[in-house]
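K.L.:
Everything below, folded, please.
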Amino acid sequence: PVLGLTLDNIDRKIKGLEISGFKKPLKVLGNFPCLFAYALESIDLKIQCLRRMGFTYPIRLIETFPPILGLATENVEGKIQELKRRGFTEPTRLIVSFPPILGLTLKNIDGKIQYLKSVQGTLGMSAQEVVERKPQVLGFGMDYLMFTTQIVREQKISLFTALHGRTHAQFEENTCRLVA
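P.N.:
Numbering: from 1, shown residues only. Purely as a prediction, here's the structure:
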C-alpha cells in the first residue's frame with residue numbers, strides 16, 4: 001500500500017480524475033496528496049461550485065492550485081466578495097492569475113494596496129491597475145515590493161520591467177549591493 005491505499009485504489013482515483021476532465025491527475029495528486037482521501041463526488045461538486053462562482057475553467061484552476069479543493073466554498077466566495085468590495089471588478093480573473101491570493105489575509109492584501117497607493121505617482125498607474133495587471137504583487141513581501149519601487153524610481157523604468165524575470169535570489173543580491 002502507498003499512503004494506506006492499494007494500487008487499485010490509486011489507479012481508480014487517477015482514472016476517476018481523468019473522467020472528471022483532469023488532464024494532469026498525477027501532477028494534482030503529487031502536489032496535493034490529501035486528494036486521495038477525497039471522494040470523486042466531492043471533487044465533482046467542488047468543480048460545479050467553482051463554475052457557479054464564475055470560474056470558466058475550474059479544472060485548470062485546480063490543476064494549477066490543488067489546495068483550492070481543501071478550501072470551503074464559503075471562504076472562496078467570501079474572498080471574491082471582499083475583492084469586489086475593494087474595487088476589483090473581475091476577482092475571479094485575479095484568482096485565476098494568482099491562486100495563492102485565496103490564502104492571503106485581507107489585512108495582507110490591504111497593506112499591499114495601501115503601499116501601492118502611496119507610490120502610485122512613481123508607478124504611473126493606480127494601485128488597482130498594478131494588481132489587476134500583475135496580481136502576484138500581492139504575494140510579494142513588503143521588502144521586495146519596496147525595493148522594486150526603489151528600482152523604478154532610480155532607474156526610471158516601469159514596475160513591470162523591474163519585476164520581469166527577477167528571482168528572489170536576484171532581489172537579495174541587489175539588496176546586499178545597495179546596502180553595502
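K.L.:
Dump stretch 20-34 to PDB, restricted to CA.
P.N.:
The C-alpha trace of stretch 20-34 is given here as PDB (Å, rounded to 0.1, in the frame of the first residue of the first chain):
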ATOM      1  CA  SER A  20     -13.900  14.300 -14.500                       C
ATOM      2  CA  GLY A  21     -11.800  16.100 -17.000                       C
ATOM      3  CA  PHE A  22      -8.300  16.400 -15.400                       C
ATOM      4  CA  LYS A  23      -5.500  16.300 -17.900                       C
ATOM      5  CA  LYS A  24      -2.800  16.000 -15.300                       C
ATOM      6  CA  PRO A  25      -4.200  13.900 -12.500                       C
ATOM      7  CA  LEU A  26      -0.800  12.600 -11.300                       C
ATOM      8  CA  LYS A  27       0.500  16.200 -11.000                       C
ATOM      9  CA  VAL A  28      -2.500  17.200  -9.000                       C
ATOM     10  CA  LEU A  29      -2.200  14.200  -6.700                       C
ATOM     11  CA  GLY A  30       1.500  14.700  -6.400                       C
ATOM     12  CA  ASN A  31       1.100  18.300  -5.400                       C
ATOM     13  CA  PHE A  32      -1.900  17.700  -3.100                       C
ATOM     14  CA  PRO A  33      -1.700  14.100  -1.800                       C
ATOM     15  CA  CYS A  34      -4.700  14.600   0.600                       C
END
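K.L.:
Quick check: mean pLDDT of it?
P.N.:
Mean per-residue pLDDT for stretch 20-34: 91.
K.L.:
And for stretch 116-124?
P.N.:
87.
K.L.:
Pull out the buried residues from that stretch.
P.N.:
116, 119-120, 123 (16 or more other Cβ atoms under 10 Å). For every residue, glycine as well, the C-beta is placed using N, CA and C.
K.L.:
Please apply the same query to stretch 146-156.
P.N.:
Across stretch 146-156, burial judged by 16+ other Cβ under 10 Å covers 147-152.
K.L.:
Same list (the buried residues of stretch 116-124) but as JSON lines, adding distance to residue 33 and secondary structure.
P.N.:
Converted to JSON lines, these look like this (distance: Cβ to Cβ, whole Å; DSSP: H, G, I helix; E, B strand; the rest coil):
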{"residue": "116", "distance to residue 33": "36", "secondary structure": "helix"}
{"residue": "119", "distance to residue 33": "41", "secondary structure": "coil"}
{"residue": "120", "distance to residue 33": "42", "secondary structure": "helix"}
{"residue": "123", "distance to residue 33": "41", "secondary structure": "helix"}
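K.L.:
Closest one to residue 20 out of those residues, please.
P.N.:
The shortest approach to residue 20 among the buried residues of stretch 116-124 belongs to residue 116, at 38.6 Å (Cβ to Cβ).
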